[in-house]
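>>> just to be clear, the model below is a prediction. Sequence and coordinates:
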Amino acid sequence: MSKYFKAEITDNISLNKHFKILTLTPQSDIVVPQPGQFYMLNSNNTYDPLLKRPFSIFGCKNNTLSFLYRIRGKGTSCLSNLRGGDIIEVIGPLGNNYPEPAGDFIAVAGGVGIASLLPLLDKRKNTGYLFYGARSKDESVMLSEAGALSKETFVATDDGSEGRKGLITELLKGFLNNLKSEISNFTLPIYACGPNPMLKELSKIARERRIKCYVSLEEHMACGVGACLGCVVKTVSGYRRVCKEGSVFDSEEIVW
Amino acid sequence: MSKYFKAEITDNISLNKHFKILTLTPQSDIVVPQPGQFYMLNSNNTYDPLLKRPFSIFGCKNNTLSFLYRIRGKGTSCLSNLRGGDIIEVIGPLGNNYPEPAGDFIAVAGGVGIASLLPLLDKRKNTGYLFYGARSKDESVMLSEAGALSKETFVATDDGSEGRKGLITELLKGFLNNLKSEISNFTLPIYACGPNPMLKELSKIARERRIKCYVSLEEHMACGVGACLGCVVKTVSGYRRVCKEGSVFDSEEIVW
Amino acid sequence: MVNLSVNIAGLRLKNPIMTASGTFGYGEEYSEFMDLNRLGAIVAKGLSAAPRQGNPTPRIVETPAGMLNAIGLQNIGVKAFIKEKLPFLKKFDIPVIANFFGDSIDEYVKAAVELSGADGVHALEMNISCPNKQAGWIVFGTDPEIMEQVVKAVRKETKLPLIVKLSPNVTDIGLMAKVAEDCGADAVSLINTITGMAVDVKSRRPVLANNTGGLSGPAVRPIAVRMVWEASKAVKIPVIGMGGITTAGDALEFLIAGARAVAVGTANFINPTAVIDIIDGIEKFLTDEGISDINEIIGSLKIRS
Amino acid sequence: MVNLSVNIAGLRLKNPIMTASGTFGYGEEYSEFMDLNRLGAIVAKGLSAAPRQGNPTPRIVETPAGMLNAIGLQNIGVKAFIKEKLPFLKKFDIPVIANFFGDSIDEYVKAAVELSGADGVHALEMNISCPNKQAGWIVFGTDPEIMEQVVKAVRKETKLPLIVKLSPNVTDIGLMAKVAEDCGADAVSLINTITGMAVDVKSRRPVLANNTGGLSGPAVRPIAVRMVWEASKAVKIPVIGMGGITTAGDALEFLIAGARAVAVGTANFINPTAVIDIIDGIEKFLTDEGISDINEIIGSLKIRS
Ligand SMILES: Cc1cc2nc3c(=O)[nH]c(=O)nc-3n(C[C@H](O)[C@H](O)[C@H](O)COP(=O)(O)OP(=O)(O)OC[C@H]3O[C@@H](n4cnc5c(N)ncnc54)[C@H](O)[C@@H]3O)c2cc1C
Ligand SMILES: Cc1cc2nc3c(=O)[nH]c(=O)nc-3n(C[C@H](O)[C@H](O)[C@H](O)COP(=O)(O)OP(=O)(O)OC[C@H]3O[C@@H](n4cnc5c(N)ncnc54)[C@H](O)[C@@H]3O)c2cc1C
Ligand SMILES: Cc1cc2nc3c(=O)[nH]c(=O)nc-3n(C[C@H](O)[C@H](O)[C@H](O)COP(=O)(O)O)c2cc1C
Ligand SMILES: Cc1cc2nc3c(=O)[nH]c(=O)nc-3n(C[C@H](O)[C@H](O)[C@H](O)COP(=O)(O)O)c2cc1C
Ligand code: FES
Ligand code: FES
């Protein structure tokens, strides 16, 4: 069940040059989102940009919704110009959600992918091992907040300015290799959101170790509700809509 | 001589539901505008709205430019959303200007046409007879400010909520009929800005009495600099560009 | 009370607002946002006799006030549509128009025949903006002769109201509308998307995996209004207008220019209740203007001379 | 240092950025905003043998990310151009391309001959998006045969480089480009505006006094890029691309798709220094990408298969 509603911007705070958190207050009743779901947001009321943009639910408290976003192109630039009191139109929550972990789990966030995973870490406090990879210290936003919700936190950055230098998937491999054998497979599933190459590598790691791995995918979207067929991903059973059958998929289903 | 420059919004104040005053600070040297000239302003940095919109110079003080505008459609709505600190792009000053009156003069403003005439009243303080017509009290904005700069002020509104009920051109006719004969023709020229039917009526009044009459015309504009030929008006010597040969024309030149 | 109902090709529509094929899924997708019973008609995603998997991604890219799509006509096929999707649509009291296509005349006929036999399909819309594999991949709808063949072939095999959906990628849209009429179409609809391309300058590759795509959205509206006007002057059968309709005002432009009904496409993506807002907006406009029947508006354009 | 210069039809351009006819006046209008010497070439407002007064107003209306214009080809006529405008343009060290048109073959030839005799005109651009009064007002550029007649007639009478400016209102732009090439054109330029219409719903009249107008601006860019790509595949002569170019990135899309030069039109209205910003932006792009010659970019599109 998803809705189309208007919402008033509560605030739009800069974390640094590239990242902001948008908080909004819906002007009508909403459906409570689950971790992994997303919303389509517009950033102004003109025809340019034309389409809404998808953003993962980052927080839902006291009848406000918040989104953590990175300024990339036209749409997110316009979004970053919104100010308290502005009204925008929102569709959501959309898509499926992360299947609830039965016990402890691994969360692998690549950059702004943390936006999608933090609600899961929050819901299952102190049961998630957080692996957070980013380009640099600057780009590992919300690290301490996410870390505080996690059982243990591992960080890697491309330039070594935060945590280990290198790929987060390498850190994860080390961790998995050191795991006691009784923890395995379904008892410690992976939940991941981030750039495609990272997800692809995770799917390999998971397959080799027969670990369940859920990935949240990104595709360009027009409608967000399953109508346009614009956002498909190739799966073992043909093209599937990221906005409808996803964005969370079992990594085994994806034709990488 | 006109320029293309960026300017920072200083403020954007509402006079009432329909009218606002936008003040901006150019970020580079400007050319000082003359009463009757105009600027092309954009209202956001996207392709919608696409074209800049023309606005008469309303004030130029302490290196700021101000514009009095009425919220009409898309462009002016966007303009009304601008806030202090926003940057916009501006072309101007453009067009010709009101020829400077030799002595006393008559200024006839229809509604927001006051924006164009107030700088003239200001420049030639207490030498202008102001005739101000508007739909209602609400719409006769800046009346007291303009009145304070004028020798005498006459007001008419459609609904009689301010000044006389009726057309401002009727008030003007009465005034002219009562004028002592020594004041006439070139000694008391008319300067007018407002809706076309008003200007047409003024041109008749002026012709009958052999008074010089200068009208500032409006046409839809794309470029504002004379390049597109979009904004022409029919004159006795063919089509002329409102943005270049105008916007101020001798009413005798216009084919009404 | 204002009358909004119009007749098209033997169908009575509650109001002249339909959904554009491919932008409203099979109806289900938007049913949680509105009561589908309010629509004038529903036009479903384009169907082929056999299922199609469509193009790789990227399939869509935004352009100024528009978007390019190259979905590649992904669909579940006529049989699955009838079995899996039609039962849902039959629950509503509105005409269901099945949009279909093929890459050969045989494929067109096959799809049309199967759809005509299905209970709950009230009319057919034939998308002729597809390449003909038997004629060097020339798009059916861009060559009057090839178009004639396929429309005639389909017309012979179905008794359902037949709407021919014209391609805008032609020199003379009036001529194409006339060909459709002469071949027995009950209505024409237009415009389908206009072929376009976007280039990624860094990689120097087309953005879309399919190289080119179809332009839709507000950007195309002035072209669409002009073509609807030309087509409605050229034929006596009803014209269904579309292309960039986003507001009630946009829809009215098409109706005034000669469309007896209109379809809303890309706007659904931006506003999932766009069709409802447009219906309400048209009703309000007519009330405000003191017009009691939508049919007074249709084709009422006063040309300037 | 990056090489930006390109050769078109025997002209050497400092850089591939020109102005689009009708959007840059006769050069003077924008000369206070920039040094015209920086331009690749200047294309002046379309000229006819005799002066034309053009259409009544409204002549322009904004549309989503675009505009419709129906100026009606108002111009001072070839003779006045040569006498009053050319002396100003001759002061600059850039090729001056005179755009011209007619409503009969004779008119075209007359304008071409007079312009060819003028010192300071370096090339001719022939606008064939005009109706032919001798052939039932069919637009020259939408019928291959009528187009052939007029291009051949002009070609015979001028030795100046001849650019044929194609109409986008056709089914097959590649074919039209080929016809121009076969008739002896030295280059083709495209796209001219796309015919469109806007309706004022209150008065139920077309917004433009001319009923229809030509659509330009960012809205048309995807269509223009596609057509430039198709045309450049169809001919060996250089293609000059235009339609919605507003940024250096837009210009690069056209160059990559196959245009050897590009023209900036509607963007001038929004940003009077658009051409300069685009030239600078292209130079920066090439520098950043480590490309030393613009010619490496031209036609470098890697089609996806
Ligand atoms: C389900 C889902 C959830 C998302 N959640 C978040 C989030 O919580 N925070 C966040 O910052 N971003 C998130 N994204 C990505 C976000 O949607 C894009 O960054 C945004 O659409 C870019 O818009 P733009 O207009 O600024 O960029 P554009 O100008 O459209 O493009 C700029 C760059 O971004 C890329 N891009 C554009 N759209 C997408 C897209 N949908 N997916 C991937 N790349 C894209 C383009 O290819 C281009 O390289 C999510 C995407 C999806 C599909
Ligand atoms: C030289 C000149 C000086 C002007 N000075 C002022 C001024 O100081 N203050 C002010 O409030 N307005 C002024 N105007 C009018 C102003 O430009 C228009 O109100 C504005 O462009 C409307 O833009 P919009 O996008 O809000 O309206 P649109 O959505 O474009 O149109 C809304 C309505 O405004 C009309 N309109 C649009 N553009 C123009 C235009 N250029 N001229 C006349 N009507 C138009 C339309 O026909 C329509 O009825 C001036 C116009 C000109 C030509
Ligand atoms: C994503 C998408 C998919 C489409 N699929 C189809 C289709 O399957 N069959 C068809 O006839 N038209 C299809 N169209 C064209 C639309 O029905 C419509 O003709 C066009 O988009 C113009 O209307 P609009 O500007 O309101 O979107 C599609 C359009 C879009 C944007
Ligand atoms: C106001 C205006 C006037 C134009 N006049 C001419 C003209 O006289 N001759 C011509 O060949 N093209 C003319 N054009 C077409 C442009 O040269 C150009 O082909 C078209 O606008 C597409 O480019 P753009 O989208 O960058 O504007 C005109 C365009 C506009 C907007
Ligand atoms: S975005 Fe339209 S189907 Fe997913
Ligand atoms: S607005 Fe372009 S010539 Fe006046």
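Ah, there it is. Ligands and ions are numbered 1, 2, ... in the order given.

>>> which strand in chain A runs the most residues?
In chain A, with assignment by DSSP state E, the single longest strand is strand A:3-14.

>>> ok, it: who's next to it in the sheet?
According to DSSP bridges, strand A:3-14 forms sheet pairs with strand A:19-26 (antiparallel), strand A:87-94 (antiparallel).

>>> name the residues that touch the first one?
Residues external to strand A:19-26 that are found in contact with it (Cβ atoms under 8 Å, 6 or more residues apart in numbering or on different chains): A:5-15, A:41, A:58-59, A:63-71, A:79-80, A:82, A:88, A:90, A:112, A:139, A:141. C-betas here are computed from N, CA, C, even on glycine.

>>> likewise the last one?
Outside of strand A:87-94, the residues within contact range by Cβ under 8 Å, 6+ apart are A:2-9, A:24, A:26-27, A:31-34, A:37-43, A:52, A:54, A:57, A:65, A:82, A:224-225, A:243, C:271-272.

>>> can I get the buried part of those as one PyMOL selection?
Of the contacts of strand A:87-94, the buried ones can be selected in PyMOL as follows, counting by 16 or more other Cβ atoms under 10 Å in any protein chain shown:
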select buried, (chain A and resi 2+3+4+5+7+9+24+26+33+34+37+38+39+40+41+42+43+52+54+57+65+82+224+225+243) or (chain C and resi 271+272)
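
>>> let's see the longest strand of chain A as CSV, backbone CA atoms only.
Extracted in CSV, the C-alpha atoms of strand A:3-14 (Å, rounded to 0.1, in the frame of the first residue of the first chain):
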residue,chain,number,x,y,z
LYS,A,3,0.2,6.8,-1.2
TYR,A,4,0.5,10.1,-3.1
PHE,A,5,0.6,13.0,-0.7
LYS,A,6,1.9,16.5,-0.2
ALA,A,7,4.4,17.2,2.5
GLU,A,8,5.9,20.3,4.0
ILE,A,9,9.7,20.6,4.3
THR,A,10,10.6,20.7,8.0
ASP,A,11,14.3,21.1,7.3
ASN,A,12,17.0,20.3,4.8
ILE,A,13,20.3,20.1,6.6
SER,A,14,23.8,19.9,5.1
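
>>> all strands in the stretch 1-150 of chain A, in order from the N-terminus.
All strands of the stretch 1-150 of chain A, identified by DSSP state E, counting those that start in this stretch, fall at A:3-14, A:19-26, A:38-41, A:53-56, A:59-61, A:64-70, A:87-94, A:105-110, A:128-134.

>>> which parts of the stretch 101-250 of chain C are helices?
Secondary structure of the stretch 101-250 of chain C (DSSP state H, counting those that start in this stretch): helices at C:105-116, C:144-157, C:173-182, C:221-234, C:248-257.

>>> now render the ones you listed as TSV, adding distance to ligand 2 and mean pLDDT.
Output for the helices of the stretch 101-250 of chain C, formatted as TSV (distance: least, Cβ to the nearest ligand atom, whole Å; pLDDT from 0 to 100):
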stretch	distance to ligand 2	mean pLDDT
helix C:105-116	44	95
helix C:144-157	39	95
helix C:173-182	28	97
helix C:221-234	15	98
helix C:248-257	11	98
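
>>> could those be laid out in JSON lines, adding mean neighbour count?
Formatted as JSON lines, the helices of the stretch 101-250 of chain C follow (neighbours: other Cβ atoms under 10 Å in any protein chain shown):
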{"stretch": "helix C:105-116", "mean neighbour count": "20"}
{"stretch": "helix C:144-157", "mean neighbour count": "18"}
{"stretch": "helix C:173-182", "mean neighbour count": "22"}
{"stretch": "helix C:221-234", "mean neighbour count": "27"}
{"stretch": "helix C:248-257", "mean neighbour count": "25"}
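
>>> closest to ligand 6 out of the ones you listed?
Nearest to ligand 6 among those is helix C:221-234; the distance by Cβ to the nearest ligand atom comes to 19.4 Å.

>>> from the chain's centroid, how far away is that closest one?
Its chain's C-alpha centre and that of helix C:221-234 lie 14 Å apart, by Cα atoms, centre = their mean, to the nearest Å.

>>> now stretch A:155-163
Offset of stretch A:155-163 from its chain centre (Cα atoms, centre = their mean): 20 Å.

>>> which residues does residue 110 contact?
By default, I'm working from chain A. Shown in contact with residue A:110 (Cβ under 8 Å, 6+ apart): A:133, A:134, A:168, A:192, A:193, A:194, A:195, A:198, A:199.

>>> that's the other chain; I wanted chain C
So residue C:110 contacts C:49, C:102 (Cβ under 8 Å, 6+ apart).

>>> give me the neighbour count for the residue of chain A found nearest ligand 1.
Nearest residue of chain A to ligand 1, counting by Cβ to the nearest ligand atom: residue A:73, 1.9 Å away. Neighbours of residue A:73 under the rule other Cβ atoms under 10 Å in any protein chain shown: 10.

>>> where does the residue of the stretch 201-305 of chain C found nearest ligand 1 fall, phi/psi-wise?
Closest residue of the stretch 201-305 of chain C to ligand 1, Cβ to the nearest ligand atom: residue C:207 (8.5 Å). Backbone torsions for residue C:207, taken as degrees, to the nearest 10, come to phi -70, psi -40.

>>> now residue C:69
Taking degrees, to the nearest 10 as the convention, residue C:69 sits at phi -130, psi 150.

>>> that one and chain B, how far apart?
Applying Cβ to the nearest Cβ, to the nearest Å, the value for residue C:69 to chain B is 19 Å.

>>> and that residue, what is it in contact with?
A:222, A:228, A:230, C:22, C:59, C:60, C:193, C:213, C:214, C:216.

>>> next to ligand 2, which bits of chain C? Give me the list.
Contact residues, chain C versus ligand 2 (Cβ under 6 Å from any ligand atom): none.

>>> which residue does chain C have closest to ligand 3?
residue C:22 (1.9 Å).

>>> secondary structure element holding that residue?
Using DSSP states H and E, residue C:22 sits in no helix or strand.

>>> which parts of the stretch 51-200 of chain A are helices?
For the stretch 51-200 of chain A, the helices defined by DSSP H, counting those that start in this stretch cover A:74-80, A:114-123, A:143-148, A:168-178, A:196-209.

>>> and the first one, what's buried?
Taking 16+ other Cβ under 10 Å as the basis for neighbour counts, the residues of helix A:74-80 that come out buried are A:74, A:75, A:76, A:78, A:79, A:80.

>>> pick out the residue of the stretch 51-200 of chain A closest to chain C.
Nearest residue of the stretch 51-200 of chain A to chain C (Cβ to the nearest Cβ) works out as residue A:51 at 5.3 Å.

>>> can you count the residues close to that residue?
Residues near residue A:51, counting by other Cβ under 10 Å: 25.

>>> my guess is it contacts residue C:271. True?
No: Residue A:51 is beyond contact range of residue C:271, at 11.0 Å (criterion: Cβ atoms under 8 Å).

>>> quick one, what contacts the closest residue to residue A:110 other than its chain neighbours?
What sits nearest to residue A:110 in space, not counting adjacent residues and going by Cβ to Cβ, 6 or more residues apart in numbering or on different chains, is residue A:194, at 2.0 Å. Going by Cβ under 8 Å, 6+ apart, residue A:194 touches A:108, A:109, A:110, A:111, A:113, A:133.

>>> how much space separates residue A:194 from residue A:139?
12 Å (Cβ to Cβ, to the nearest Å).

>>> and the least confident helix or strand in chain C by mean pLDDT, what other elements does it pack with?
In chain C, the helix or strand scored least confidently by mean pLDDT, DSSP states H and E is strand C:131-132, which has a mean of 86. Judged by 3 or more Cβ pairs under 8 Å, 6 or more residues apart in numbering or on different chains; DSSP states H and E, the packing partners of strand C:131-132 are strand C:138-139.

>>> and the strand it packs on, does that touch ligand 3?
No: shown here: strand C:138-139 not in contact with ligand 3 (Cβ under 6 Å from any ligand atom), separated by at least 12.5 Å.
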